[in-house]
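Asker: heads up, no residue letters with this:
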Ligand SMILES: [Zn+2]
Ligand SMILES: [Zn+2]
């Protein structure tokens with residue numbers, strides 16, 4: 001636990017009477033395809049086992065976009081955002097956390113009691129009720145839904161205390177925010193799900209924030225051939241800066257280009273970081289016989305992946321998904337935060353820029369156009 005004396009001050013923390021609702025500004029979608037707007041919303045006071053966190057930085061992640069463009073089913077009005085860092089500003093009755101503690105938000109807090117949690121797979125926790133319960137309300141009194149139970153593109157959130165992970169004070173907030181989704185997912189996919197070994201070859205399809213995090217984790221895991229693949233030539237420099245040994249455009253010649261770099265075999269590991277049937281099939285075709293395809297992207301329910309039965313048998317490939325990097329965020333986020341603190345981990349290349357909350361809708365437009373790596377909203 002961090003000494004609150006050394007932590008950044010929590011704006012407003014401790015000044016209002018306990019148990020008062022708080023009005024904050026948040027990025028709200030009123031419906032699928034509706035214009036995103038910054039609105040005033042009312043947060044409840046933290047109840048037993050809950051905390052209010054003042055947000056310092058929140059990333060604009062593809063899953064937020066999927067919530068508003070219809071790829072994922074969502075309920076509205078919806079506060080966007082699920083990748084964030086902030087400071088504990090108020091604690092509910094019985095909370096073990098201290099006001100002033102810097103934290104990263106966790107969008108899959110584990111119950112630690114279900115069958116999956118008990119067998120050490122907290123990323124598959126069966127207790128998924130929290131994200132579906134509305135919390136707070138709009139200025140006109142409509143109950144608010146929260147993206148992945150967080151709704152972190154806001155000046156503050158009220159969340160269960162198990163959804164916050166203490167981190168050291170003093171980390172750059174625009175980088176620390178990414179630990180809560182893109183980085184944990186990308187690093188975990190490489191380390192925990194695929195277990196990339198030194199000397200292996202890797203292809204990464206789709207170079208958003210998660211794809212770039214996979215590239216840099218593959219480099220740190222000792223992969224020697226790291227092929228970055230995207231439809232946008234503009235991602236080339238970013239990919240090489242993140243750790244790729246080569247950038248390839250996703251076009252008709254892709255399979256040939258990959259085989260030319262892997263002694264005609266295909267890669268040991270392909271990571272699909274888009275969440276579409278077409279790119280899952282592309283990743284499958286780039287992988288060698290006996291290799292592994294790891295699906296990191298979250299796709300649509302009705303986007304069906306078709307693979308030949310003989311191909312599945314003969315190729316002997318493994319196809320699996322990596323949910324939240326197959327990681328235990330409570331254990332792994334502090335490790336990544338410590339690496340960030342001592343500069344063993346540099347996430348600068350993942351941050352394309354920071355914008356104030358009012359410019360978050362424009363950041364969503366840039367994300368939809370595939371521009372840059374991660375746009376991060378800062379609220380200082
Ligand atoms: Zn995300
Ligand atoms: Zn559980």
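Answerer: In hand now; what should we look at? Remember, it's a predicted structure, so these values are computed and weren't measured experimentally. Numbering: from 1, shown residues only. Ligands and ions are numbered 1, 2, ... in the order given.
Asker: identify the bridge partners of the residue nearest to residue 321 when sequence neighbours are not counted.
Answerer: Take residue 321 and drop its neighbours on the chain: the residue closest to it by C-beta to C-beta, 6 or more residues apart in numbering is residue 295, 4.5 Å away. The way it works is simple: take the backbone N, C-alpha and C, and place the C-beta from them, glycine included. Beta-bridge partners for residue 295, by DSSP bridges, are residue 272, residue 321.
Asker: my read: residue 193 touches residue 295, true?
Answerer: No. Between residue 193 and residue 295 there is no contact under C-beta atoms under 8 Å: 9.4 Å.
Asker: quick one, phi/psi of residue 153?
Answerer: phi -80, psi 70 (degrees, to the nearest 10).
Asker: contact partners for it?
Answerer: 26-27, 55, 58, 60, 64, 79-81, 84, 147, 357, 360, 377 (C-beta atoms under 8 Å, 6 or more residues apart in numbering).
Asker: roughly how far apart are whatever residue of the stretch 201-350 of the chain ends up closest to ligand 2 and residue 125?
Answerer: Using C-beta to the ion, the single residue of the stretch 201-350 of the chain nearest to ligand 2 is residue 328, 11.2 Å away. Distance of residue 328 to residue 125, given as C-beta to C-beta, to the nearest Å: 10 Å.
Asker: beta partners of the nearest residue to residue 164 once chain neighbours are set aside?
Answerer: What sits nearest to residue 164 in space, not counting adjacent residues and going by C-beta to C-beta, 6+ apart, is residue 103, at 4.1 Å. Beta bridges link residue 103 to residue 86, residue 166 when assigned by DSSP bridges.
Asker: can you count the residues close to residue 103?
Answerer: 26 (other C-beta atoms under 10 Å).
Asker: relative to residue 196, how far out is it?
Answerer: Distance from residue 103 to residue 196, by C-beta to C-beta: 29 Å.
Asker: one step back: need the overlap of contacts for residue 328 and residue 125.
Answerer: With C-beta under 8 Å, 6+ apart as the test, residue 328 and residue 125 both reach residue 110.
Asker: tell me which residues of the host helix or strand of residue 65 come out buried.
Answerer: In the assignment (DSSP states H and E), residue 65 maps to helix 62-68. Residues 62, 63, 64, 65, 66, 67, 68 are the ones in helix 62-68 that count as buried (16 or more other C-beta atoms under 10 Å).
Asker: what does stretch 271-289 give?
Answerer: In stretch 271-289, counting by 16+ other C-beta under 10 Å, buried: 271-277, 279-280, 282-288.
Asker: wait, the residue nearest to residue 164 sits on residue 53?
Answerer: Yes. At 6.1 Å, residue 103 counts as touching residue 53 under the criterion of C-beta under 8 Å.
Asker: name all residues that make contact with residue 224.
Answerer: Neighbours of residue 224 in contact, by C-beta under 8 Å, 6+ apart: 198, 199, 200, 201, 245.
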